[in-house]
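1. Okay, structure incoming, though there's no sequence with it:
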Ligand code: BTN
């Protein structure tokens with residue numbers, strides 16, 4: 001993983017570039033890195049603040065032999081890897097906000113955007129895009145309340161290439177475990193241990209409405225288990241919902 005690396009000083013979006021490379025046949029494990037993104041993309045059509053010099057913008061191409069319905073689990077694998085990479089390098093025990101944000105003191109340190117190309121029978125490729133706020137000292141007004149960086153949390157600057165290497169190393173191990181099991185069963189306990197929502201009251205907004213319950217943790221598919229009344233547990237599927245702490 002990450003043995004083939006393409007680095008750009010400026011790019012529109014590393015995810016867009018990685019998808020292009022994947023279409024052209026790039027092998028699984030190829031990594032695209034950039035210093036600055038002119039059109040960094042977040043989930044739900046949002047933009048991702050991507051100025052030069054301080055942050056990590058990376059996209060990893062994968063070609064897993066799994067069903068398209070299992071691809072969303074890779075995002076949780078990536079979240080675990082980022083959590084570990086940060087912990088190993090800086091000592092900061094951030095938290096995973098299900099399904100795939102890394103947060104510290106309620107503010108976002110990292111976001112992950114997974115995109116794929118697939119048919120019913122199988123996946124052509126998956127692109128896992130990871131944005132980590134590393135050495136940013138100040139955020140634009142519009143995200144100041146919701147975003148933070150490793151520097152703001154720890155008071156120390158972190159070498160970006162060392163952090164990329166630490167994340168990739170953790171990813172490789174977790175990804176192997178995921179592929180060998182075919183699901184997240186081997187990672188449930190470590191994920192739940194590092195998840196900030198676990199054991200907390202949450203409010204879930206999805207197509208079936210709006211409800212409150214206690215987040216218990218994830219299951220082997222990466223769904224969030226929410227106890228809505230004693231003994232009654234609902235499964236929340238990522239991508240369709242917004243889960244908030246209350
Ligand atoms: C989110 O909304 O939380 C997901 C943000 C994902 C941002 C990363 S930065 C590297 C990669 N390239 C993009 O354009 N987006 C992802």
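-> Structure received. For clarity, every value in this text was computed on a predicted model and none was experimentally measured.
2. wait, what's in contact with the closest residue to the ligand within the chain?
-> Relative to the ligand, the nearest point of the chain is residue 111 (2.3 Å; C-beta to the nearest ligand atom). (C-beta placed from N, C-alpha, C; glycine too.) Counting by C-beta atoms under 8 Å, 6 or more residues apart in numbering, residue 111 makes contact with 42-43, 48, 100-101, 130-131.
3. Make JSON lines from those and add neighbour count to it.
-> Listed next are those as JSON lines, based on neighbours: other C-beta atoms under 10 Å:
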{"residue": "42", "neighbour count": "15"}
{"residue": "43", "neighbour count": "15"}
{"residue": "48", "neighbour count": "20"}
{"residue": "100", "neighbour count": "26"}
{"residue": "101", "neighbour count": "19"}
{"residue": "130", "neighbour count": "27"}
{"residue": "131", "neighbour count": "27"}
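4. What is the most widely separated pair among the residues you listed?
-> 48 and 100 (13.4 Å; C-beta to C-beta).
5. ok so, going back, give me the element the residue of the chain closest to the ligand is part of.
-> Taking DSSP states H and E as the definition, residue 111 sits inside strand 107-118.
6. Now do the buried residues in that strand.
-> 107-116 (16 or more other C-beta atoms under 10 Å).
7. Could you check how far that strand is from the centre of its chain?
-> 5 Å (C-alpha atoms, centre = their mean, to the nearest Å).
8. for the helix or strand following it, packing partners?
-> Counting by DSSP H and E, the next helix or strand C-terminal to strand 107-118 is strand 123-132. Applying 3 or more C-beta pairs under 8 Å, 6 or more residues apart in numbering; DSSP states H and E, we find strand 123-132 packed against helix 14-23, strand 56-62, helix 72-90, strand 107-118, helix 160-181.
9. thinking again about what came up before, out of the buried residues of strand 107-118, what pair is the most spread apart?
-> Farthest pair in those, by C-beta to C-beta: 107 and 116, 28.6 Å.
10. Once you drop chain neighbours, what's closest to the most centrally placed residue in the chain?
-> When C-alpha atoms, centre = their mean is applied to the chain, the residue found nearest the centroid is residue 112 (3.3 Å). Distance criterion C-beta to C-beta, 6 or more residues apart in numbering; nearest residue to residue 112, sequence neighbours excluded, is residue 100 at 4.3 Å.
11. Check that neighbour and give its pLDDT.
-> At residue 100, the model reports a pLDDT of 88.
12. That one and residue 79 touch, don't they?
-> Yes - contact criterion C-beta atoms under 8 Å: residue 100 and residue 79 qualify, at 4.4 Å.
13. how about low-confidence regions in the chain?
-> For the chain, applying pLDDT under 70 flags the ranges 239-243, 246.
14. So which bits of it are right by the ligand?
-> Residues of the chain found near the ligand (C-beta under 6 Å from any ligand atom) are 13-15, 37, 40-43, 46, 48, 57-59, 101, 111-113, 129-131.
15. Show me the beta-bridge partners of residue 7.
-> residue 33 (DSSP bridges).
16. Could you chop this protein up by domain?
-> Domain assignment for the chain, taken from automatic domain parsing, gives 5-193, 201-245.
17. Give me whichever of those is most buried.
-> Counting by mean count of other C-beta atoms under 10 Å, domain 5-193 has the highest mean neighbour count of the domains of the chain, with a mean of 18.
18. and the end-to-end length of it?
-> 32 Å (C-alpha to C-alpha, to the nearest Å).
19. before we move on, what about stretch 184-200?
-> By C-alpha to C-alpha, one end of stretch 184-200 lies 22 Å from the other end.
20. cool, and stretch 175-195?
-> 18 Å.
21. just how off-centre is that stretch within its chain?
-> 14 Å.
22. give me the element the closest residue to residue 179 other than its chain neighbours is part of.
-> Nearest-residue entry for residue 179: residue 64, 6.2 Å, with adjacent residues in sequence omitted and distances by C-beta to C-beta, 6+ apart. Following DSSP H and E, one finds residue 64 outside all helices and strands.
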